[in-house]
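Peer 1: I'd like to go over a predicted model; first the sequence, then the structure.
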Amino acid sequence: MAGVNKNKSMFIKFLGTAGARFVTFRQLRASGGIWICLGDTNVLVDPGPGSIVRCLECLPKMDPEKLDALILTHRHLDHANDINIMIESMTCGGSCRKGAVFCPSDCLGDHPVILPHAARLPGRVQVIKPGRKYKAGDFAFTVSARHLHPCETYGLKFNMGKVTVGLVSDTRYFDGLADFYRTDVIILPVVFRRARQGIDHMSLEDASELIGRIRPKKAVLTHFGMDMLKARPSCQAKRISERLGVEVIAAHDGMRLDF
Ligand SMILES: [Zn+2]
Ligand SMILES: [Zn+2]
């Protein structure tokens, strides 16, 4: 990406791979979100429960005070629980009015997940809209079409140097996903091993269908629910990989992808 020093590190770190309620509230996997480092710019997407702890316990530590932006894909607790403490940390307790917060409109308003006092602290709070592009430091991202999920939910597409990355958020599978997420690396939430009627999450079959249609260089499965954990995500990733002839891996807590 223009303006990014090639010698500086570019990585995505998984501070959690828990999906939905049970895995999250039992903390069978962590739920700290996804940290993106692009040279001098640091962005945290979906700081779920325990995100602040995961950041500070990492070796080396991921310092929330160095964040340039926080992004919420939607307001569900497994994605947004720690957003207020993260805003306080990013802004040094409000003493430095810096950083950007990007979120769907229903994260603010009458029943906000971003509390009014926290919303006043960052340099800016920006409501994201489908198809629009946003920037914080060197990090630029495009917002997907609205996902099929009970609240306003979007995924992101961005560049890590020359590599395009698609970060899919919670959704029921729909055909339009393949058009938007046609990227080199795709990160997919796979809550269920098998599709469940009436629940707006992707299953392993849906993920496999999407990977088969996009044929990325690498697909990363994450956001695992209980039955996916029992089915051992790494074994399932290997099976899809062999069937499709595409590299598919299962994320684990603390995993780092370098670019
Ligand atoms: Zn979720
Ligand atoms: Zn959700």
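Peer 2: Structure received. Ligands and ions are numbered 1, 2, ... in the order given.

Peer 1: count the residues that sit near Trp35.
Peer 2: For Trp35, the neighbour count with other C-beta atoms under 10 Å is 23. For glycine as for every other residue, the C-beta is placed from the backbone atoms N, C-alpha and C.

Peer 1: quick one: contacts for it?
Peer 2: Ile12, Lys13, Leu15, Asn42, Val43, Leu44, Val45, Cys55, Met62 (C-beta atoms under 8 Å, 6 or more residues apart in numbering).

Peer 1: what pairs with it across the strands?
Peer 2: On the basis of DSSP bridges, Trp35 is bridged to Lys13, Leu44.

Peer 1: what is the burial count for Tyr134?
Peer 2: 18.

Peer 1: shouldn't it be within a strand?
Peer 2: Yes: per DSSP: H, G, I helix; E, B strand; the rest coil, Tyr134 lies within a strand segment.

Peer 1: which strand or helix spans Gln126?
Peer 2: Element membership for Gln126 (DSSP states H and E) is strand 124-127.

Peer 1: got the CA coordinates for that strand in PDB?
Peer 2: The C-alpha coordinates for strand 124-127 follow below in PDB (Å, rounded to 0.1, in the frame of the first residue of the first chain):
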ATOM      1  CA  ARG A 124     -13.900  11.000  15.800                       C
ATOM      2  CA  VAL A 125     -16.700   8.400  15.900                       C
ATOM      3  CA  GLN A 126     -17.900   7.500  12.500                       C
ATOM      4  CA  VAL A 127     -21.000   5.600  11.500                       C
END
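
Peer 1: sheet partners, orientation included, of that strand?
Peer 2: Short version: by DSSP bridges, strand 124-127 pairs with strand 100-103 (parallel).

Peer 1: got the contact list for the helix or strand hosting Ile186?
Peer 2: Here Ile186 sits within strand 185-189, counting by DSSP H and E. Strand 185-189 is touched from outside by 12, 19, 34, 160, 163-171, 201-202, 207, 210-211, 214, 216-223, 251, 257, with contacts defined as C-beta under 8 Å, 6+ apart.

Peer 1: buried ones among these?
Peer 2: 12, 19, 34, 160, 163-171, 201-202, 207, 210-211, 214, 216, 218-223, 251, 257 (16 or more other C-beta atoms under 10 Å).

Peer 1: among those, which are in helices?
Peer 2: Ala207, Leu210, Ile211, Ile214 (DSSP state H).

Peer 1: now the closest residue to ligand 2 within the stretch 151-259 of the chain: phi and psi?
Peer 2: Of all residues in the stretch 151-259 of the chain, Asp170 sits closest to ligand 2, at 3.6 Å by C-beta to the ion. The phi/psi pair for Asp170 (degrees, to the nearest 10) reads phi -60, psi 130.

Peer 1: contact partners for the nearest residue to it once chain neighbours are set aside?
Peer 2: Spatially, and ignoring its direct neighbours in sequence, Asp170 is nearest to His149 (4.8 Å; C-beta to C-beta, 6 or more residues apart in numbering). The contact partners of His149, taken as C-beta under 8 Å, 6+ apart, are His74, Ser169, Asp170, Thr171, Arg172, Asp200, His201.
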